[in-house]
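In: pasting the sequence and the predicted model now:
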Amino acid sequence: MKHLLSINDLTKTEALDILNLSLEMQKVNSRDVKKLPALTGRTVANLFFEDSTRTRISFELAAKRLSADVINFTAKGSSISKGESLKDTVQTLEAMGVEALIVRHNYSGAANTIANSKWSKASVINAGDGTHEHPTQALLDALTIRQRIFGRDNLNDLSGLRVLIVGDILHSRVARSNILLLRTLGATVAVCGPATLIPEGIENLCDFVFYNLDEALGADFDAVMMLRIQAERMNSAFMPNAAEYSSGWGLGDSRFSKLNSKTLILHPGPMNRGLEISSAAADSEQSAILDQVTNGVAVRMAVLYKLLAQEQSNG
Amino acid sequence: MGNPLTIFRNVSLANGDFVDIAVQGNQILELGPKLSSQGAEIDCSGLIALQGFVDLHTHLREPGFEQSETILTGSRAAAMGGFTAVHAMANTSPVADNAAVVEQVFALGKSAGYVHVQPIGAVTKNLEGESLADLLKMNQSRAQVTVFSDDGKCVSDSLLMRRALEYVKAFGGVIAQHAQDPNLTVDAQMNESTLAFELGLTGWPSVAEEAIIARDVLLAEHVGSRLHVCHVSTAGSVEIIRWAKARGINVTAEVTPHHLLLTEDLVRDYDPVFKVNPPLRSNDDVQALRAAVADGTIDIIATDHAPHTADSKDCEWGQAAFGMIGLETAMSVAKTALVDTGLINWTRLEQLLSSNPANISGLARHGKPLSIGNPANITFINPQSKSIVNNYSQSKSSNNPYVGVELSGQVVHTLFEGVLTVKDGQIQELNNA
């Protein structure tokens, strides 16, 4: 495995490998000295063409805990704003000897483009591309669900689990990667949102589609993932206004009070409290939102380790 | 009458007859089995002679985008593809929305000398979709424009489309519509489908094409004018056009070679060489388009040859330009998709690539039967040839989606107004400077 561009790049065995390796990384992260020498002398670049503080620092921390040298390249203040092409940027980093590119980009497929090009020999990790995928987010979500429902050291797949993803499915790379990964791991996946934000052809990729959240929640899922809703969607007539979205598809206090107390609540962050999720739901015992953040570092360590250290030794 | 004769020996016509064709000057002097005339001999055993091809939809990019193509390089690519006439789309810079620009394009085509370059005029000023361009003046110019199109953009305003259809009745013009509802295709990147969702690319739904075609055929019926639909790409569009024709509406339709052979699955790796507008569709659409060509619902094959520089394709999908080149491969793609599959015969292919497009445009010297006294615009094809497409092109651009694909049939000679522009598969250097 050289790149991680899409969940489609992973077999079930490879996905489970990463989750299980993440357990080892969690142990490292719970020690006083949170560092492994695995990537000493290796150079990793965070190549971020889109603002994302959370994902960037999560990857940065993951690489540093594996002793890699990390450089951060962000579109703001770099030559991108002066009109340099992606090709030139990637070739520049290649010429400096960067071995892994962690790419966040506003265009879908940008990470694939880099990986398929002759611009660079580096491993490419997709850290979110347009409305395509965000594979490490799906991996950390799967790990979080498995640990919270089956226990910390469980090594199994997610067979038998039922997961509901709620919100802007059309524009969500988190939803895409999660649908693919959760189903690869044996879970049943349903989506729910206003029909304007449920894409054409989704029925071929997931198990159930709901337009009504109360009906969906009545079907009793093991985990409910609330997606971030973006303000600009209101302007493009996907929905009339925030209040209407919230009343139709938000996990507000009244829906939360009726929710099965065993149902796990996830959110990829950053949250719009009071819009897609209420504070009562987000801060509850059954919320796994902070676990997701913690697990993000371990999962990204596992991915970097697998792509850079294992791939190297496999020759 | 002292002009030398060139005799093309032992060639098969579309109907299967074996003949010799003797050409003098720019016309066919004799045609029949085993001519006794003497002259320069070209042995055409095993070849098929068809009426020179006519492309109703070519982007030659000049003036304004000469880094992608010029009228000369595009004309050479056209000749290599067996074309003797091409229609130059209006979306140049400046836009071909007035007599001066269309006359310039016409003159540059003439001086290049490889094909007849027939300019298409813009429907609206500067392709802005707000007011009509100088349609009459373009028609009355030396270029004698009869086909008008804002191709690349849709004439989406219903009233303006109505006016355009009405206005061209004065001189027998035709409006060639790029059918794409702009509101339904904001930032659209590929066919709207499960795959588009998976790839995170904004969908270009079939309905955005079909809704405009449905509106336009009704407008054409209402005002009694003539509509041509560019690059039909969906099964639903075919049904609407079939319905319109059955109703007696004066509509013609074209399909591109790529929509007859390629499907959206090619987009999976985000290679921008497959980024085109309208987008590659599903296999069901491809099959419906092929059937529509066979049953006459679709009248012509037109290339939508759209050259782009290497830089505008060597980048992120979302950043890349729409379009693919197609002049040199058009016949081979059509043969592979339609003739080799048994859907159509050579006579039908000749209509699709020559007489029908010439009739839509009203070209006097193209699309005429290969018979005595007619213009010597002839394409000679080796139907047996099979080859893997390579990157070689006479076009200035190389955004060719067929590289590595095996296609059948090869253009061996192209005769334009009695001049061999291509001989033995090689472009000829013309001494007409």
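Out: Yes, it's here.

In: okay, CA-based contacts and neighbour counts for the rest of this
Out: OK.

In: in the stretch 151-300 of chain A, what residue lies closest to chain B?
Out: Of all residues in the stretch 151-300 of chain A, A:Gly201 sits closest to chain B, at 4.2 Å by C-alpha to the nearest C-alpha.

In: what's the pLDDT at that residue?
Out: A:Gly201 carries a pLDDT value of 90.

In: that one and B:Asn191 touch, don't they?
Out: No - using C-alpha atoms under 8 Å, A:Gly201 is not in contact with B:Asn191, being 11.4 Å away.

In: low pLDDT regions in chain A?
Out: A:76-82, A:311-315 (pLDDT under 70).

In: try 80 this time
Out: A:75-83, A:231-236, A:311-315 (pLDDT under 80).

In: for the longest helix along it, packing partners?
Out: Longest helix in chain A by number of residues (criterion: DSSP state H): helix A:12-29. Helices and strands touching helix A:12-29, by 3 or more C-alpha pairs under 8 Å, 6 or more residues apart in numbering or on different chains; DSSP states H and E, are helix A:135-150, helix A:289-304.

In: burial measure for the residue lying closest to B:His366 once chain neighbours are set aside, as a count.
Out: Leaving aside its chain neighbours, B:His366 sits nearest to B:Ala358 (5.9 Å; criterion: C-alpha to C-alpha, 6 or more residues apart in numbering or on different chains). As a burial measure, B:Ala358 scores 25 neighbours (other C-alpha atoms under 10 Å in any protein chain shown).

In: quick one: B:Ala358 and B:Val54 touch, right?
Out: Yes - assessed by C-alpha under 8 Å, B:Ala358 is found in contact with B:Val54 at 6.3 Å.

In: show me what the helix or strand where B:Leu415 lies is in contact with.
Out: Using DSSP states H and E, B:Leu415 sits within strand B:406-416. By C-alpha atoms under 8 Å, 6 or more residues apart in numbering or on different chains, the residues outside strand B:406-416 that reach it are B:26, B:52, B:79-84, B:114-115, B:331-333, B:335-336, B:376-389, B:420-426.

In: ok, stretch A:225-242 next?
Out: Residues contacting stretch A:225-242 (C-alpha under 8 Å, 6+ apart): A:163-168, A:172, A:175, A:194, A:196-197, A:245, A:251, A:265-272, A:275-277.

In: buried subset of those?
Out: By neighbour count, with 16 or more other C-alpha atoms under 10 Å in any protein chain shown, those hold A:163-168, A:172, A:175, A:194, A:197, A:245, A:251, A:265-268, A:271, A:275-277 as buried.

In: so of these, which ones are in helices?
Out: Short answer: the buried ones among the contacts of stretch A:225-242 in helices (DSSP H) are A:175, A:245.

In: show me what contacts A:Asn156?
Out: A:Leu16.

In: measure it to A:Leu266 for me?
Out: 20 Å (C-alpha to C-alpha, to the nearest Å).

In: still on that earlier bit, need the residues touching each of B:Ala358 and B:Val54.
Out: Joint contacts of B:Ala358 and B:Val54 (C-alpha under 8 Å, 6+ apart) are B:366-367.

In: tell me the domain ranges of chain A?
Out: The record assigns chain A these domain ranges, following automatic domain parsing: A:7-134+A:296-314, A:135-292.

In: nearest to B:Thr263, of those?
Out: domain A:135-292 (16.5 Å; C-alpha to C-alpha).

In: if we can go back for a sec, how about the residue of the stretch 151-300 of chain A closest to chain B, nearest residue that isn't a chain neighbour?
Out: B:Thr194 (4.2 Å).

In: now A:Ala223
Out: A:Leu264 (4.4 Å).
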